[in-house]
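K.L.:
Here is a sequence with its predicted model. Questions after.
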Amino acid sequence: MQPSEFRKHVAEAGAAAFEAASLKWLGETSKQVAEVVDVGEHHIATVRVNSVRPTAGAARQAGRELARIHAAGAPAFGAPPAGYEGPCFIGTQEQECTPRDTFAEFYPAQRVLPFTYAAFQAGNISQGCVEMVERACELIQEAELPPFGPARIHGDLWAGNLMFSDAGPIFIDPAAHGGHPVTDIAMLALFGAPFFEEIVAGYEEITALPDGWQETIPLHQLHPLAVHAYTHGLGYAEPLYQAAMKTIRLLEG
């Protein structure tokens, strides 16, 4: 018989508590979020999810649930889960969550540039790549992007963190904070979520995405690409460079 819970060891101090707080915050608005049953300094346990093959219908349901989670909102861009005051993470990496009024204030300074500089210091990207990302961030800070959010976002929504079970789609391992809704969708696109088009269709059954959102996907992929350039090495240098270049082209018009 399978155990009724999934227990994960977490080496980084504070990471388990942050994941638990993130799951609780997202779970306030959707039953399709993994349920925490225990958390300690270096472990977290959730109700076990029995994985099944994804279907178009389940993907569409995932989109609807993601829209409901986003619609719950957040106090500010960069706001951590309600009531949580410890360090914030994406995976094993600590990242800042300081509330800001606008996406332009928050995203470059707290998400893209710190990991870009860390990737450069690790020898994983070139100075030219850094300069390209810096220019993209300057334009984000100056741009008049369509007003949207702050949404209550998952924050680390690659394909592996959207599971499919006999109870429907289940969101796991979040790095939740106040952010832009396209950030979650862009990460699903980046790492090849199954039935991506159905996820988007389900999302838009609940909430319309902003006009032109598809063109902003590279902008929203700068953060996960910078994280991966730092943590996973040279293979992400060129994708990060290309995403920065596409962002520059978009915002320079």
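P.N.:
Nice, thanks for sending it over. Every value quoted in this text rests on a predicted model; they were computed, and no experiment measured them.
K.L.:
The closest residue to residue 79 other than its chain neighbours sits in which helix or strand?
P.N.:
Spatial nearest neighbour of residue 79, excluding adjacent residues (Cβ to Cβ, 6 or more residues apart in numbering): residue 178 at 3.8 Å. (C-beta placed from N, C-alpha, C; glycine too.) Secondary structure from DSSP states H and E places residue 178 in strand 177-179.
K.L.:
The helix or strand harbouring residue 70: how far from the chain's middle?
P.N.:
Applying DSSP H and E as the criterion places residue 70 in helix 56-71. Relative to the centre of its chain, helix 56-71 is centred 15 Å away, using Cα atoms, centre = their mean, to the nearest Å.
K.L.:
where in the protein is pLDDT low?
P.N.:
1-3, 146-147 (pLDDT under 70).
K.L.:
Give me the residue at the spatial middle of it.
P.N.:
Centroid-nearest residue in the chain: residue 155, 2.3 Å away (criterion: Cα atoms, centre = their mean).
K.L.:
How about the contacts made by the nearest residue to it once chain neighbours are set aside?
P.N.:
On the basis of Cβ to Cβ, 6+ apart, the spatially nearest residue to residue 155 that is not a chain neighbour turns out to be residue 175, at 3.7 Å. By Cβ atoms under 8 Å, 6 or more residues apart in numbering, the contact set of residue 175 is 18, 22, 88-91, 95, 154-156.
K.L.:
And those residues, which two are furthest apart?
P.N.:
Spanning the widest gap among the contacts of residue 175 are 95 and 154, at 14.1 Å by Cβ to Cβ.
K.L.:
quick one: which of the two has more around it?
P.N.:
Neighbours were counted for residue 95 and for residue 154 using other Cβ atoms under 10 Å; residue 154 has more, 28 against 19.
K.L.:
Look up how far residue 242 lies from the more buried one.
P.N.:
24 Å (Cβ to Cβ, to the nearest Å).
K.L.:
which residues in the chain form helices?
P.N.:
15-27, 56-71, 103-107, 113-121, 127-142, 181-190, 196-206, 217-232, 237-252 (DSSP state H).
K.L.:
closest one to residue 82 among the ones you listed?
P.N.:
helix 15-27 (5.8 Å).
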